[in-house]
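>>> I'll drop the sequence and a predicted model, then ask my questions.
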Amino acid sequence: MSGLTVARVALAGAADRASTPNMFAPVSTPAFMIREVAFFVIGVSAVIFVIVAGLAVFAFVRFRRRPGEPDVEPPQVYGSTRIELAWTVVPFLIVVVLFLVTTRYIWGIERRPQPAGAVEVTVVGHQWWWEIRYPKLGIVTANELHVPVSDGASPTPTFILLESADVIHSFWVPQLAGKVDLIPRQTNRVWMEPFAAGVYVGQCAEYCGLEHALMLLTVVVHPKAEFDRWVADQQAPARADPAARRGRELFVSLACISCHTIRGTPANGVFGPDLTHLMSRRTIAAGAAANTPKDLRAWLDNPSAMKRGALMPAMKLSGEDVDDLASYLATLQ
């Protein structure tokens, strides 16, 4: 089973309402516009195919050699101004029409102004995970983008700034928006305006290294009241569980704090995902596995066994220490 298949199985098991990525089943304004362009191009291509195939079949039938006819070469025609004009002008006009239609839709998507009530998000691509920040809300999370439903009475689109921390990545959630690249030292923008709550699966769509296939992205679209509750939960500090005290002490004594942040503890690293509310996420390792205590322990014990090439090192801990560390992280709701 391929790495991408494993990731999708894990994500499907972790999200009851997860949808299958499908650009022809849009639930967001930009995705609807992209589908319209796709249908138009498919329609034009279908007409061209029918005409060309029809002429070919007509020629095969009309000019085939029939039984009893002499086996001689038919009269040859060299040069036809009308035919040459037709196969030059018609394709040119088709390309012009496709260009103008596509440009119109691109302009409509790219030039959409950001309204005052829009949700602002910054997504940073890393090898091989997604850092997700909500600057105005003071929230930092990873691999799961949470946004509110936008309705006609109160439109609430989400505008996303795209950045890369290392190499070129590509943000693509087919049912919500088009594919946009994340390029080092450059900021790009994408927006979405989903009309239906649910869980939508995306993917890094630009080869970015060994574990490119295991760099999935989940977008959770909430009803507005539910989104407000999610925001409040994410803004709260990490909950301290006295029963996991040894695991917490172990975490802050290891190199984990150099890469990860857990608000309310000495951990303030920025190279790995923020773990303050780790267990509120559906998957770990950017979709490589479902976020269950069993998979979390396996990830801590040997990350490369779950995600080959993962930059997170194996800490070479004893089984007891891994158990305590996993128990502590499992309390970070």
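Cool, the structure landed. Please read all numbers here as calculations on a predicted model, not as lab measurements.
>>> domains of the chain?
Domains of the chain are assigned by automatic domain parsing as 29-110, 242-329.
>>> Is the closest residue to residue 145 other than its chain neighbours in a helix, a strand, or coil?
Of all residues not flanking residue 145 in the chain, residue 219 sits nearest, at 4.7 Å (Cβ to Cβ, 6 or more residues apart in numbering). The way it works is simple: take the backbone N, C-alpha and C, and place the C-beta from them, glycine included. Here residue 219 is recorded as strand under DSSP: H, G, I helix; E, B strand; the rest coil.
>>> show me the contacts for residue 219.
By Cβ atoms under 8 Å, 6 or more residues apart in numbering, the contact list for residue 219 reads 144, 145, 146, 147, 173, 176, 192, 194, 199, 200, 201, 202.
>>> who wins for most neighbours among those?
residue 200 (30 neighbours; other Cβ atoms under 10 Å).
>>> Could you say which helix or strand holds that residue?
strand 198-204 (DSSP states H and E).
>>> Can you list the buried residues in the helix or strand where residue 84 lies?
Secondary structure from DSSP H and E places residue 84 in helix 81-110. Going by neighbour count (16 or more other Cβ atoms under 10 Å), the buried part of helix 81-110 is 105, 109.
>>> what is the rounded mean pLDDT of that helix?
Averaging pLDDT along helix 81-110 yields 91.
>>> Just list whatever residues bridge to the residue nearest to residue 145.
Per DSSP bridges, the residues bridged to residue 219 are residue 145, residue 200.
>>> still on that earlier bit, to residue 224, which of the domains of the chain lies closest?
domain 29-110 (17.0 Å; Cβ to Cβ).
>>> Pull the distance from that closest one to the chain's centre.
34 Å (Cα atoms, centre = their mean, to the nearest Å).
>>> In a strand, residue 140, correct?
Yes. When three-state DSSP is applied, residue 140 is found to be in a strand.
>>> For the residue nearest to the spatial centre of the chain, give me its contacts.
In the chain, the centroid-proximal residue (Cα atoms, centre = their mean) is residue 202; its distance is 2.7 Å. Counting by Cβ under 8 Å, 6+ apart, residue 202 touches 21, 171, 172, 173, 174, 176, 216, 217, 218, 219.
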